[in-house]
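> sharing a model that was predicted from the sequence below.
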Amino acid sequence: MIESCYWKEELKRIARTIRRTKTPVRWSERAHCVVERDLMLGFFMVRRLIELHKVSSATRDCTLLVFSCPSRGKHVHRMNHHRLDELYDLGKEIRETKKPLYLSNQFIHAYTSFVARDATRNWSDVYVVSDFDRNDCIWRIPLSEIRSLFMIASQDYPHSGRFVYNRQKGDYDVSTN
C-alpha cells in the first residue's frame, strides 16, 4: 500500500509545471524531454492511485476532452513515427471524451508522443498514441485537460469505500467517495 499524499504532492508539482505562463521557458530538447517525462510519470501516478482506490470513483470516472486524428492509412513504424502530419490527418480531428485510465495507458504504452507549443510558446497540447492504436489514430490532448486531471487527483482523498463481491470476476468491485 502506498501513502498517497507523497504521490499527490508530486502530481500537483507536475500540474504546476505545465500551466500557462507569461514568460514560457525557451524551447530546448531538455525542456521537451522533461515535460514528456513528467507527463508520463503523472499518468502513471494517476493510474496507480485509481488502481489502489486512493482517489474517489468520481476522479476515476471523470472524462477528459480529447481529439482523435485519423490515420492516413500508412503503416506506422520506428523509422517514420515522428512524421505526424504524413501519418495522421491532423485537420480532421474528432472530438471525444476519454477516462483517465484509457489516457494513462496511452502515455504508459506510448509508441509516439510529442508535446506541442502554441503561438505564445506555451506548451499547449500533447500528441500521443500507444503501440496498440498507432495505425488507427493519434490523440491530441490539450494540456489544460491534463493539468485539470492532475490537480483533481492530487486533491482527492476519499473518505469512504464500498466493497461488493463480484462472483464473475472473483474479486470485489470497489467504489469510493
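Structure's in. What do you need?
> in this structure, which spans are strands?
Shown for the chain, the strands assigned by DSSP state E span residues 64-70, 94-98, 110-117, 123-130, 137-142, 161-166, 171-176.
> may I have the third one exported as PDB, CA atoms only?
Looking back up the chat, that one is strand 110-117. What follows is strand 110-117, C-alpha atoms only, in PDB (Å, rounded to 0.1, in the frame of the first residue of the first chain):
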ATOM      1  CA  ALA A 110       3.300   5.400 -25.900                       C
ATOM      2  CA  TYR A 111       4.700   4.500 -29.300                       C
ATOM      3  CA  THR A 112       4.800   8.200 -30.200                       C
ATOM      4  CA  SER A 113       4.400  11.300 -28.100                       C
ATOM      5  CA  PHE A 114       5.100  14.900 -28.900                       C
ATOM      6  CA  VAL A 115       4.400  18.000 -26.800                       C
ATOM      7  CA  ALA A 116       3.300  21.000 -28.900                       C
ATOM      8  CA  ARG A 117       3.600  24.700 -28.300                       C
END
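> same for it, what does it pack against?
Under the contact definition 3 or more Cβ pairs under 8 Å, 6 or more residues apart in numbering; DSSP states H and E, strand 110-117 sits against helix 29-51, strand 123-130. Every residue, glycine included, has its C-beta placed from N, CA and C.
> these into a markdown table, with extra columns for mean neighbour count?
Shown next, in a markdown table, are the helices and strands packed on strand 110-117 (neighbours: other Cβ atoms under 10 Å):
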| stretch | mean neighbour count |
| --- | --- |
| helix 29-51 | 17 |
| strand 123-130 | 22 |
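> list just the one of these that sits closest to Lys169.
Lys169 sits nearest to helix 29-51 of all the helices and strands packed on strand 110-117, at 14.4 Å, using Cβ to Cβ.
> quick one: the closest one to strand 137-142, angle?
Inter-element angle recorded for helix 29-51 and strand 137-142: 90 degrees (by axes from the mean of the first three to the mean of the last three Cα atoms, to 10 degrees).
> so how far is helix 29-51 off the chain centroid?
Here helix 29-51 is found 8 Å from its chain centre; the criterion is Cα atoms, centre = their mean, to the nearest Å.
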